[in-house]
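> My questions are about this predicted structure, shown below with the sequence.
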Amino acid sequence: MSTLFIGDIHLSVEYPEITKNFFRFLQTEATQAESLYILGDLFDKWIGDDDPHPFYREVAAELFALKKKGIPCYFIHGNRDFLIGQAFADESGMILLPECKVIQLYDYNICILHGDTLCTKDTEYQIFRKIAHHRFIQRLFLCLPLSFRFYIAKKLRLQSGEQNKKKGEEIMDVDPQSVLDLMACHDVDWIIHGHTHRPAIHNIEMIVTPLLSSKKIARRAVLSAWHNEGSMIKVTFDAIELIFFPFRVSDFEKI
Ligand SMILES: O=C(CCCCNC(=O)Nc1ccc(S(=O)(=O)N2CCN(c3cc(Cl)cc(C(F)(F)F)c3)CC2)cc1)NO
């Protein structure tokens, strides 16, 4: 049996191919798993569970179908969809997890998180995150009329797109010391995260006891975003693998 991790799907009405392939993943690979973890940025934007767009109803229904098949789906918020609340969790059957969680899978000790909190060099983003994750600010934002939230969302997405272009590669990636601190704090052998869109499995040398200078190799597995292909991290008793699968061309494109 296996446990699957995905993230950074960035579903939006503008990219129906990604949505189609995400639904196909839920109806195929995901049905063979013991459970599915979505580690953030399932959606490219989220301005509140009260957004009535039928697109969200469709995604919720496809996710709920997985629950009906007895396969639990766990969700950790990303920097895009950090406002997903209990209402959408109930509608989609997803189980909301805290922003960082240690799970025992087979005989692995794994810390799972979205990954944006590891990008500590991006101080501009970390300041925005602190403000936007404040309960009062979130309550205030969710009280605004949807139209005004749409407006703010459009502005912020444009702004973050422009800001990201100016930021160096290093700032946009995880800070190595933050990774070491997190793994030491939770005493885990594995960390699985997304956010950076830099898929890989990295070996990390951890000092276990400084005096004896004994070390161990831990591993950091990074999810791929779903731009032109699907991707997941598959955990089985024997291995943790980063797997890519091509998007299947929709019937329309075959014409
Ligand atoms: O990798 C890197 C770079 C990372 C790039 C980070 N950029 C990034 O995430 N941008 C971004 C994320 C979400 C959206 S949104 O459209 O979904 N939406 C916007 C309005 N949201 C809001 C909520 C609250 Cl409570 C309060 C406010 C406030 F205070 F602004 F009004 C706004 C809710 C969410 C738009 C852009 N660094 O390392």
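Cool, the structure landed.
> can the longest helix anywhere in the chain be found next to the ligand?
The residue-count maximum for a helix in the chain (DSSP state H) belongs to helix 146-166. Yes. Using CB under 6 Å from any ligand atom, we find that helix 146-166 touches the ligand at 152, 153, 156, 157, 160, 164. Heads up, the C-betas are built off the backbone N, CA and C, glycines and all.
> Quick one: residues contacting the last one.
The reference is to residue 164. Shown in contact with residue 164 (CB atoms under 8 Å, 6 or more residues apart in numbering): residue 172.
> Likewise for residue 247?
Counting by CB under 8 Å, 6+ apart, residue 247 makes contact with 17, 18, 21, 228, 229, 230.
> what about the residue lying closest to residue 119 once chain neighbours are set aside, how many neighbours?
Nearest residue to residue 119 in three dimensions, chain neighbours excluded: residue 174, at 5.9 Å (CB to CB, 6 or more residues apart in numbering). Residue 174 has 24 neighbours, counted by other CB atoms under 10 Å.
> What about the residues of helix 146-166 next to the ligand, which one has the most neighbours?
Using other CB under 10 Å as the neighbour test, the residues of helix 146-166 next to the ligand are led by residue 153, with 18 neighbours.
> shouldn't it be in contact with residue 45?
Yes. Here residue 153 lies in contact with residue 45, judged by CB atoms under 8 Å, at a distance of 5.4 Å.
> Residue 78: how many residues sit nearby?
When neighbours are counted by other CB under 10 Å, residue 78 registers 27.
> What values do phi and psi take at residue 59?
Residue 59 has phi and psi values of phi -60, psi -40 when expressed as degrees, to the nearest 10.
> how close does the residue nearest to it when sequence neighbours are not counted get to residue 187?
Leaving out its chain neighbours, the residue that sits closest to residue 59 by CB to CB, 6+ apart is residue 11, at 6.2 Å. Here residue 11 is placed at a distance of 35 Å from residue 187 (CB to CB, to the nearest Å).
> Having no further points to raise, I will conclude here.
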